[in-house]
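# this one's structure only:
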């Protein structure tokens, strides 16, 4: 989580069976008591009571074990006379069950606000929640300052396939100081009002349509966004910014999602890959792709063993993980091409024997979406292993494997250790909203407690990342060895807690570790909107020689819009160069001021 942005502007839960109303349908699978389905036969007051009860439990439940998926069957919820307005708390995924976002309409809002302690109100730790696949006609009568669609979040809180009609803000400006450190929007449309970015330090918007954007703070990236502000980096009076704007996304694949068809049967929709695309996948008609009936999925619950899940996968089924925490004494093995692993309500996988939580073959079309990986008590060499270095050619560009909304934690919720969180050994993989976090607060946190070398290692070729957040690891935080790759948006905070400079040295005479290391053999790579921040809080000067280390043999202009920031005057030391030995230092001499490199080499 980032600490201090520079700029600010103006329980009792009743579980319902899946398929709780509407058209006659074959009985759906049992998704457990924490998947709650609403239908239009319920009154607004009845729905309001249920969602409010969940919010009351989850809004402050940062490291709890409760998980919820709130699903809305096709139809309209709330009205002008009686709108539906409710909060999204921790570990709560809110989604429509339509084929397209317009199939589920909420007249009202789904909101996230600051959390306050001792009068200090921010959104810096508003993690692990999501909103997807529905339309919101914003209607918040009597909300005063909170009138509008408030989505004041930070990392790991994606908004996907949402059509927002009315005022929307990514900052809760109603309670100061309102700092925020998000975030990610994809395949969404905003109509009728400029989005207030406000205090959000950084944000990625991908393949969407917007009516405007208010400001930039440090690092705002737009990829394939209709209506995006023009390229403007660093910030300047003539164009605002700082904005990094790509007209199209080179290759993308939207996340799979659960929906109900016209007969009331449940399916998982798998969107097709697209190249050089812009705008949403659904504004011109239905999203292209294929449907998989729910009976082709094994529906797992937290009590299931890894061996049971693996037997189901081996039999040819896909995997649906229902809400909860899964303790795995062996890794889940995904070996079949085009297997879908879909999480509902932020299912959390914890390896218990130093194993990986999931390992996949180097096969085409493997999709993993909506899952948290927590490090376990015994050190795991890796938490998620994608592919094998021995079979990278098996993956196909036309059917890329994709990780969507996949999040990693080392400590925080509970003590844990892992050498590397994510290793990508396949070619043609898309990383779409990844947050790898060595915890800076919570349980089991300390330099020798939640140990972790590296967040993300990419060895495959033709890997494209959108929204890569990697924070607080103890050595190189991201290592990218593959050729013909691209990273569109990178956000990093260096570890807060090195106890001394001697304890944090890449090599003799080289202070610290770079946040992003591009391998020495890489000759072709594109980076866009990449930031690294420092806040060393042990009361001694700690320095990193470089934020980014890359071969100087790269094609000129391979890297675009790089920056570093010294986050707070309460910190010490800083970053001495932006990329290699280029760019100035960010230290106590220039706190909260981006130090930029526009193009390198």
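Yep, that arrived. What you are looking at is a predicted structure, and each value in this text was computed from that prediction instead of being measured.
# Just checking the distance from stretch 299-316 to the centre of its chain.
Stretch 299-316 sits 26 Å away from the centroid of its parent chain (CA atoms, centre = their mean, to the nearest Å).
# Now for residue 339: which residues touch it?
Residue 339 makes contact with 313, 318-319, 360, 363, 365-367, according to CB atoms under 8 Å, 6 or more residues apart in numbering. For the C-beta atoms, the positions are set from N, CA and C on the backbone; glycine is no exception.
# Help me confirm that residue 491 comes into contact with residue 472.
No: shown here, residue 491 and residue 472 do not form a contact pair, counting by CB atoms under 8 Å, at 11.9 Å.
# And these two? Which one has more around it.
residue 491 (28 against 24; other CB atoms under 10 Å).
# and the next element down the chain from the host helix or strand of the more buried one?
Per DSSP states H and E, residue 491 falls inside strand 485-493. With elements assigned by DSSP H and E, the helix or strand that comes after strand 485-493 is strand 505-507.
# For the following helix or strand past that following strand, which strands pair with it and how are they oriented?
The helix or strand immediately downstream of strand 505-507 is strand 510-511, counting by DSSP H and E. Strand pairing for strand 510-511, determined by DSSP bridges: strand 505-507 (antiparallel).
# quick one: contacts of the partner strand?
Applying CB under 8 Å, 6+ apart, the contact partners of strand 505-507 are 475-476, 511-514, 545.
# Now, those residues that are in strands?
residue 511 (DSSP state E).
# For the contacts of strand 505-507, which entry has the maximal number of neighbours?
For those, the largest number of neighbours (other CB under 10 Å) sits with residue 514, at 27 neighbours.
# what bridges to the closest residue to that residue other than its chain neighbours?
Nearest non-adjacent residue to residue 514, counting by CB to CB, 6 or more residues apart in numbering: residue 549, 4.1 Å away. Listed beta-bridge partners, residue 549: residue 517 (assigned using DSSP bridges).
# Could you number the chain from 764 rather than 1 from now on?
With 764 as the first residue, the last one maps to residue 1312.
# right, and residue 1312 touches residue 1280 too?
Yes: taking contacts as CB under 8 Å, residue 1312 lies within contact range of residue 1280: 5.0 Å.
# Kindly check the end-to-end length of stretch 1070-1086 for me.
Start-to-end span of stretch 1070-1086 (CA to CA, to the nearest Å) is 19 Å.
# Can you mark which positions in that stretch are buried?
Residues of stretch 1070-1086 classed as buried by neighbour count (16 or more other CB atoms under 10 Å): 1072-1073, 1075-1076, 1080-1086.
# cool, and stretch 1275-1294?
1275-1282, 1285, 1288-1294.
# Pick out whichever of these sits closest to residue 1300.
residue 1275 (14.8 Å; CB to CB).
# In contact with that closest one, which residues?
Contact analysis of residue 1275 by CB under 8 Å, 6+ apart lists 1257, 1261, 1264, 1267-1269, 1305-1309, 1338.
# what sits against the nearest residue to it once chain neighbours are set aside?
Closest residue to residue 1275 apart from its sequence neighbours, by CB to CB, 6+ apart: residue 1307 at 3.1 Å. Applying CB under 8 Å, 6+ apart to residue 1307 gives the contacts 1257, 1274-1278, 1297, 1336-1339.
# picking up where we left off before, who are the neighbours in contact with the residue nearest to residue 1277?
Contacts for residue 1312 were tallied using CB under 8 Å, 6+ apart; they are 1277, 1279-1281, 1342-1343.
# Tell me the one of those nearest residue 931?
Distances from residue 931 to the contacts of residue 1312, taken by CB to CB, are shortest for residue 1279, at 31.2 Å.
# Wait, the closest one touches residue 1285, no?
No: using CB under 8 Å, residue 1279 is not in contact with residue 1285; the gap is 11.7 Å.
# okay, and the common contacts of the two?
Contacts common to residue 1279 and residue 1285, judged by CB under 8 Å, 6+ apart, are 1243, 1313.
# quick one, phi psi at residue 865?
The phi/psi pair for residue 865 (degrees, to the nearest 10) reads phi -70, psi -10.
# what about it, neighbour count?
Neighbour number of residue 865 under other CB under 10 Å is 15.
# and the closest residue to it other than its chain neighbours, bridged to which residues?
Spatially, and ignoring its direct neighbours in sequence, residue 865 is nearest to residue 898 (5.4 Å; CB to CB, 6+ apart). Applying DSSP bridges to residue 898 gives these bridge partners: residue 868, residue 926.
# Would you agree residue 898 is in contact with residue 872?
No: look at residue 898 against residue 872 with CB under 8 Å: they stay out of range, at 11.9 Å.
# between the two, who's got more neighbours?
A count of neighbours by other CB under 10 Å puts residue 872 above the other of residue 898 and residue 872, at 27 against 21.
# contacting residues around that one?
Taking CB under 8 Å, 6+ apart as the criterion, residue 872 is in contact with 846, 848-849, 899, 901-903, 911-913.
# rerun at 6 Å
848, 901, 903, 912 (CB atoms under 6 Å, 6 or more residues apart in numbering).
# That one: helix or strand, and which one exactly?
Assigned by DSSP H and E, residue 872 falls in strand 867-874.
# Quick check: the gap between the residue nearest to residue 865 and residue 817.
Distance, residue 898 to residue 817, by CB to CB, to the nearest Å: 21 Å.
# do residue 1272 as well
Distance, residue 1272 to residue 817, using CB to CB: 54 Å.
# Which residue of those two possesses the greater neighbour count?
Using other CB under 10 Å as the criterion, residue 1272 and residue 817 rank with residue 817 on top: 22 against 7.
# what helix or strand does the more buried one sit in?
Taking DSSP H and E as the criterion, residue 817 maps to helix 807-821.
# Toward the C-terminus from that helix, list the very next helix or strand.
Reading on from helix 807-821 to the C-terminus, the next helix or strand found by DSSP H and E is strand 831-835.
# so where do the helices sit in the chain?
807-821, 1069-1077 (DSSP state H).
# Save those as TSV, and put in distance to residue 835 too.
TSV is the format used below for the helices of the chain (distance: least, CB to CB, whole Å):
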stretch	distance to residue 835
helix 807-821	9
helix 1069-1077	28
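# Residue 1160 is in contact with residue 1191, isn't it?
Yes: at 4.8 Å, residue 1160 and residue 1191 qualify as touching, with contact defined as CB atoms under 6 Å.
# okay, these two: which has more neighbours?
residue 1191 (27 against 12).
# Check whether that one really touches residue 1226, as I assumed.
No: in this structure residue 1191 lies outside contact range of residue 1226 using CB under 6 Å: 7.5 Å.
# ok, of the contacts of residue 1307, which one's closest to residue 1249?
Nearest to residue 1249 among the contacts of residue 1307: residue 1278, at 17.2 Å, using CB to CB.
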